[in-house]
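*Asks:* Sequence and predicted structure below; questions after.
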Number of protein chains: 4
Amino acid sequence: MLKLDFHPAGRHFLQIPGPSPVPDRILRAMSYPTIDHRGPEFGALGLKVLEGIKKIFKTQQPVVIYPASGTGAWEAALANTLSPGDTVLMYETGHFATLWKQMAERLGLKPEFLGLPGVEGWRRGVQADMIEKRLREDARHAIKAVCVVHNETSTGVTSDIAAVRRAIDAAGHPALLLVDTISGLASADYRHDEWGVDVTVSGSQKGLMLPPGISFNAVSAKALAASERALLPRSFWNWAEIIEMNKSGYWPYTPNTNLLYGLSEALDMLQDEGLDNVFARHRRLGEACRRAVRAWGLEIQCADPAVYSPVLTGVMMPEGVDADAVRKIIYERFDLSLGTGLGKVKGRMFRIGHLGDCNDLTLLAALAGCEMGLRIAGVPLKDSGLPAAMAYLAAQHPDVSLKAA
Amino acid sequence: MLKLDFHPAGRHFLQIPGPSPVPDRILRAMSYPTIDHRGPEFGALGLKVLEGIKKIFKTQQPVVIYPASGTGAWEAALANTLSPGDTVLMYETGHFATLWKQMAERLGLKPEFLGLPGVEGWRRGVQADMIEKRLREDARHAIKAVCVVHNETSTGVTSDIAAVRRAIDAAGHPALLLVDTISGLASADYRHDEWGVDVTVSGSQKGLMLPPGISFNAVSAKALAASERALLPRSFWNWAEIIEMNKSGYWPYTPNTNLLYGLSEALDMLQDEGLDNVFARHRRLGEACRRAVRAWGLEIQCADPAVYSPVLTGVMMPEGVDADAVRKIIYERFDLSLGTGLGKVKGRMFRIGHLGDCNDLTLLAALAGCEMGLRIAGVPLKDSGLPAAMAYLAAQHPDVSLKAA
Amino acid sequence: MLKLDFHPAGRHFLQIPGPSPVPDRILRAMSYPTIDHRGPEFGALGLKVLEGIKKIFKTQQPVVIYPASGTGAWEAALANTLSPGDTVLMYETGHFATLWKQMAERLGLKPEFLGLPGVEGWRRGVQADMIEKRLREDARHAIKAVCVVHNETSTGVTSDIAAVRRAIDAAGHPALLLVDTISGLASADYRHDEWGVDVTVSGSQKGLMLPPGISFNAVSAKALAASERALLPRSFWNWAEIIEMNKSGYWPYTPNTNLLYGLSEALDMLQDEGLDNVFARHRRLGEACRRAVRAWGLEIQCADPAVYSPVLTGVMMPEGVDADAVRKIIYERFDLSLGTGLGKVKGRMFRIGHLGDCNDLTLLAALAGCEMGLRIAGVPLKDSGLPAAMAYLAAQHPDVSLKAA
Amino acid sequence: MLKLDFHPAGRHFLQIPGPSPVPDRILRAMSYPTIDHRGPEFGALGLKVLEGIKKIFKTQQPVVIYPASGTGAWEAALANTLSPGDTVLMYETGHFATLWKQMAERLGLKPEFLGLPGVEGWRRGVQADMIEKRLREDARHAIKAVCVVHNETSTGVTSDIAAVRRAIDAAGHPALLLVDTISGLASADYRHDEWGVDVTVSGSQKGLMLPPGISFNAVSAKALAASERALLPRSFWNWAEIIEMNKSGYWPYTPNTNLLYGLSEALDMLQDEGLDNVFARHRRLGEACRRAVRAWGLEIQCADPAVYSPVLTGVMMPEGVDADAVRKIIYERFDLSLGTGLGKVKGRMFRIGHLGDCNDLTLLAALAGCEMGLRIAGVPLKDSGLPAAMAYLAAQHPDVSLKAA
């Protein structure tokens, strides 16, 4: 067996913004023997997860599950709805929005990139008015889709998707709305149907608490209709056959059986806790995290409190401090993994994940690791962050009613 | 937890031609907590599996690992090497060859389908002379690739890939040779470099003994060069970036971490046994299986002994017997899963898998389940098949030298 | 990790009469993190398993669960009810009865050993009339307990415990009835209350499908009363404190938490299948096994069809054949573990376990391994045993109604 | 499956002084299928763990492994070496010493209990001079054994065993020295041979990081000789047969196979880290914990800094505070399990475990949970304890050299 933790002893703290820590229940569910994907047990499993995942997306429409990681579901959203040369309006929330745009280019689409300028642009959410303005200009409806990232994993900003919907409607524009909530789903509130999203893209390794390897497209009727006209070549990603076979709980090709076991367990866990409780838990953890960062006297990457992410917090370093050097100290000395700065903010910040199966003590442990590492690295801190975070968590704890299942 | 075996007690026998039974060692390796795919432990894991998998393909060239199931790797092979409208010569060995052709069509390629006529065509391997003849006719080199299936999972025929290579060379044709050995790899001998294959496609859930969810492209220098000119749109499947990042053991997007743990363990297991021993074991199991079928007086789907598959055996039903009704009895009464007949032979045959982590007693158990089910279904059998299979296995057992690791 | 199967590939077949194969569901349940044995979750677990295990013993009286293997529960039964120098009447059913007697001697008791003479005595069950006769002679009630083995694991004989109870009653003797059903419980029918047993001893690694490590004393009111007078020194095994603390689901000292997780799962599995179905399944497997042995022309160790064990079958070797040499061949060539001959029958027989989580194909695989091994060893066989076993199993299969949970 | 954590989400923190958190590696090792305890693989496993465990006890003499929990190994130590009515000198370090004395009484021994008076007596280690004085008085050598607890789990005091040895030698007394290091072994330094201990008792669920269920007697030649004369009745615990069969890696009765898998893995982990590093890690964690307690302004149960335990820290509550009410708040709100006060100090203190597989962040998380709970309970704290603990840990971190295996 390969060594999977280089530290001599004790538990690893995985506080990157995904993959998030996979609960024991899920790891064990996944370790059941693989079964026949054409047999009756599989059909029962398929129907359960296909129905259950809809509740997480808050949709009554089909959710396509791919045996592929999240990047694949990005490609699926584009390939099923668009044709070579189509213009798509994409909003630059951060690094992942940039990567999605790059993908659009590679697939032969013409992405237009909107956004506030410079690094500061990455500290705020989607500006829906900019989208509205651009769509109003597009009188001939050259723009076929608007693509936005709900929770930008590179910065810790959770944009207002309903506002984007309103912007498109206000402009009276027929473009499809494609949304990436890979890191938002099941940690931050998300409403595919209510918000009028046409394709929602997500993945397994974040709020769903699974390892990476399966990904999702929630698909509106309008998107389905578009897919009949869309000319981008596609086979593996093609919705029609999958949705058809899913009716009986099966897939046209071999699905990722063991991850579906895990998904079944994850859906049970989310339902047991209640989605609203899940969202409240993450909001509370996010606020505690930010209080610690403020106590340290460091800046939070997200500059607009209205769009603070409940999934992760970006912590900016003072001028002259290499965030990755700090992360290295923290990892080596305290067995804590944090997210690196990506793209425009590389070396300028690190990211603390508090998504998925996170609770108070896990977050506080992560904050303690950050604080010790920052001190060892010589980063001047105004104060200890732990007392601030603890005061908030102790005061704001929801009533817990513990009981057996 | 969902019920994953509807039978009240006892172990399930999974003898479909994939997914094959996943050994406990691998299931347990896969249940380690997911780690940071950008951290140092992951890099060590990545380098190990990327190097190790080359030995299985018998190649010194890059092997791309996708966080997607095998069908995705089919698409990757085509998308990386071909351009819209390209003609590809595909050989109809059976159902999976047919599906691959269908995919080529969907991607905008022009597949030409060679093969012997009718159902009988599915009972023999690739006829290399037909390929040579067709290529000789293609003086202007319109054909850009020859696509063949090494081990046709729908029939139990393992074609001679070296002969295909010789046919292409004899015709002096520059077409790429793309080979699907999804179900053959690591059960049947396969030699990517020696046989001059340009892209070999494989998956995890067969000879590699893993659950489905990762898949492979082994890539020749010629294929890499072709990929620079190929115009099919691609992003997720694009080799260049993946091969570049793989140099340090990482991937450009989130890999399927827990399946890579499993792959690491599978590579250790295959190396411990020795690939030649693995191949000999499967040949031996295949022969024992066929002896039982012959004792029953039933026909083997593969009509050419030179290309019997060591991976699976197709068993043809007498006229008037519905193979799927027999399979249902066997499954319900004996908790044994067999493969259904696909495409042209639906209802006419069932398939017994003896690939991956299979041994003598597991095969004999499967044969016993088949025999009892056939009798219950009223299928007339010449004789019991077990004594024939047992006689062969008892006589032909290799020397076992058991020792501690 | 240590190598736990010396064979290069494929599944091990564990067909010794215990430990029996542990189902995946139980292994996974056992791998949950250990919890605080004084916390609220543990109390819920404790109450569940303490209540559930009573149904398996068919008792309304306390069942004490020890964090120790079965041999410990033998000692507990004696130490809680007897005083130094007490006479106990023990019946020699086979090797395990002999070991229990040896233990009684070591603890300072005076065991009297009843039984039919010689090796033949080991081929029949408890002769209740011999017990009755001896008790009638004991007018002064020097005998304090009668100790019998329900399912003698060394021979494959399941004695009639109700008959022993009737014998004691007929003699009007006040002796306690202590019964070992370590290998019988949950494979063979057992009725602690109805049969008037005072202490029933059992273990985890047989019909309960768990690894070894926990063991049981089911305790009658009469036994409890005796324990207040019993003078053998005891502390770890002492019932009183355990039974008192068990009322709230806890134990006086650290229990074997992870095995209790497994027990909880095992109880669910047995309840799902239904105890009567479990017993019928084992009777059916036993009969199939014996038909194969008879087809081989070999003798069954148990000479009285009225007491054939549904748990295991002892297979006698012809004169001059070393049973352990045959077992060695079978193990090395076919990765099948069988039970050795013990004590008086060492080298003369081997034992095939069909207890716990066994089904038709597993048994047939084991029979195939035996048959091939016997042939390799040169043991003359009248005929193949597989057709006989298969014919019975195919004809007698219970109606299976497969459904999702 | 039973619900094993009543909290809706996030990881449980198990910081009781045993069972300690079981690392994933060990849980997975334990979930391998149970094998034949008479087969060749088992023998290899047995030899490995029997040899490896000696290094942990620092002995060249036999270590007996019981398939029973730690309390059983206490009984084994007494039952193998003593005779009914023997006087044993026991030292009252705390609750567990008291329980061991109770056991001695139940087994018919005559324990004499030495110790400093009252609750204060539980705040200091063994006073070796008191033992020496008592032994000098025992001119006729009525005292057959001196029994002391190395690490008293109820208080957090680690006594000086070498000093006890010197005291016995100084008195020129032939009594055996029996030591309980159930909670000390593999977290605190322990030297069976060098310290001249005759029987060392330990268990699996503390420093060895396993679930409860196996326990140990390390046995000196003098103890072995004594066992030949000792008259306490014994069978299950009897050393002689076990030690004899252990020579080939087997046990006379069914061992706790799956826990032995775990032990094999634990031994590998301890060897990889190095025992001296393990001990240094625990000393460091203990000091960090105590600094937090002092910052809170609370008293540490252990009043003598020379015998602070590296395994756990007892935290005393101010007058009028019910420690168990505080523990309940901490458990319910923060999913953190702490040890209760036992015996004389019930309700007066709680215990923080930092034994076994504990690292910096886990300890800090536990301290954060304690601090928040204490505040919610209204316990007045002088200051936050986290900064003090973090300052120490950040300053004193050993050089970590991370590398692949």
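*Replies:* Sure thing, it's come through.

*Asks:* How about the residue in the stretch 251-400 of chain A positioned nearest to chain D: what's its closest non-neighbour residue?
*Replies:* In the stretch 251-400 of chain A, the residue found nearest to chain D is A:Asn359; the distance is 2.5 Å by Cβ to the nearest Cβ. C-betas here are computed from N, CA, C, even on glycine. Of all residues not flanking A:Asn359 in the chain, D:Gly10 sits nearest, at 2.5 Å (Cβ to Cβ, 6 or more residues apart in numbering or on different chains).

*Asks:* Quick one: low-confidence residue ranges for chain A.
*Replies:* Along chain A, the model assigns pLDDT under 70 to residues A:1, A:398-405.

*Asks:* In contact with the residue nearest to A:Asn359, which residues?
*Replies:* If you count contacts by Cβ atoms under 8 Å, 6 or more residues apart in numbering or on different chains, D:Gly10 has them with A:357-362, D:335.

*Asks:* Out of these, flag the one nearest to chain B.
*Replies:* A:Asp357 (10.9 Å).

*Asks:* Please identify which helix or strand holds the closest one.
*Replies:* Secondary structure from DSSP states H and E places A:Asp357 outside every helix and strand.

*Asks:* any idea how far it lies from D:Ser337?
*Replies:* Noted for A:Asp357: a distance of 18 Å to D:Ser337, by Cβ to Cβ, to the nearest Å.

*Asks:* quick one, which of these two is more surrounded?
*Replies:* D:Ser337 (25 against 21; other Cβ atoms under 10 Å in any protein chain shown).

*Asks:* thought that one was touching D:His12?
*Replies:* Yes: using Cβ atoms under 8 Å, D:Ser337 is in contact with D:His12, at 7.1 Å.

*Asks:* who touches both of the two?
*Replies:* By Cβ under 8 Å, 6+ apart, the residues touching both D:Ser337 and D:His12 are C:Ile35.

*Asks:* dump the residue contacts of the residue nearest to A:Val307 when sequence neighbours are not counted.
*Replies:* In space, not counting the residues next to it along the chain, A:Val307 is nearest to A:Gly125; the distance is 3.8 Å by Cβ to Cβ, 6+ apart. A:Gly125 makes contacts with A:93, A:157-160, A:304, A:306-307, as judged by Cβ under 8 Å, 6+ apart.

*Asks:* picking that back up, I'd assumed D:Asp335 was in contact with the residue of the stretch 251-400 of chain A closest to chain D.
*Replies:* Yes: assessed by Cβ under 8 Å, A:Asn359 is found in contact with D:Asp335 at 6.0 Å.

*Asks:* Find residues that contact each of those two.
*Replies:* By Cβ under 8 Å, 6+ apart, the residues touching both A:Asn359 and D:Asp335 are D:7, D:10-11.

*Asks:* In helices only, show me the residues you listed.
*Replies:* When those are checked against helices using DSSP state H, none is located there.

*Asks:* Closest to chain A out of those residues?
*Replies:* D:Gly10 (2.5 Å).

*Asks:* how near is the closest one to A:Pro19?
*Replies:* Counting by Cβ to Cβ - D:Gly10 and A:Pro19 are separated by 16 Å.

*Asks:* and if you look at A:Val64?
*Replies:* For A:Val64 relative to A:Pro19 (Cβ to Cβ), the value is 21 Å.

*Asks:* Surely A:Glu105 and A:Phe113 touch.
*Replies:* No: taking contacts as Cβ under 8 Å, A:Glu105 lies outside contact range of A:Phe113: 10.2 Å.

*Asks:* tell me the domain boundaries of chain A?
*Replies:* A:13-21+A:274-395, A:24-271 (automatic domain parsing).

*Asks:* Select, out of those, the one closest to B:Glu132.
*Replies:* domain A:24-271 (28.9 Å; Cβ to Cβ).

*Asks:* For the residue nearest to A:Asn359, give me the backbone phi and psi.
*Replies:* D:Gly10 has phi and psi values of phi 90, psi 160 when expressed as degrees, to the nearest 10.

*Asks:* and whatever residue of the stretch 1-150 of chain A ends up closest to chain C, what element?
*Replies:* Closest to chain C within the stretch 1-150 of chain A is A:Ala44: 4.3 Å, counting by Cβ to the nearest Cβ. Using DSSP H and E, A:Ala44 sits within helix A:40-57.

*Asks:* Which residues does that helix contact?
*Replies:* Counting by Cβ under 8 Å, 6+ apart, A:35-36, A:60-61, A:63, A:65, A:185-186, A:190, A:192, A:200, A:202, A:208, A:216, A:218, A:246, A:248-251, A:255, A:257, A:260-261, A:263-264, A:267, A:270-271, A:275, B:2-6, B:331, C:402, C:404 sit against helix A:40-57.

*Asks:* how about the strands in the stretch 201-350 of chain A?
*Replies:* A:215-219, A:299-300, A:312-316, A:336-337, A:339-340, A:349-353 (DSSP state E, counting those that start in this stretch).

*Asks:* Quickly check: the last one near chain B or not.
*Replies:* No: among the residues of strand A:349-353, none lie within reach of chain B under Cβ under 8 Å from any Cβ of the partner chain; the closest is 10.1 Å away.

*Asks:* One more: stretch A:93-107?
*Replies:* Yes: using Cβ under 8 Å from any Cβ, stretch A:93-107 reaches chain B at A:102-103, A:106-107.

*Asks:* which ones among those are found in strands?
*Replies:* The members of the residues of stretch A:93-107 next to chain B all map outside strands under DSSP state E.

*Asks:* Reformat these as TSV; add neighbour count.
*Replies:* Compiled in TSV, the residues of stretch A:93-107 next to chain B are given as follows (neighbours: other Cβ atoms under 10 Å in any protein chain shown):
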residue	neighbour count
A:Gln102	12
A:Met103	22
A:Arg106	16
A:Leu107	23
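
*Asks:* The lengthiest helix in chain A versus helix A:40-57: what angle between them?
*Replies:* Criterion DSSP H: the longest helix present in chain A is helix A:275-296. Angle, helix A:275-296 to helix A:40-57, by axes from the mean of the first three to the mean of the last three Cα atoms, to 10 degrees: 60 degrees.

*Asks:* residue contacts, A:Ile376?
*Replies:* A:Ile376 neighbours (Cβ under 8 Å, 6+ apart): A:329, A:333, D:394, D:397.
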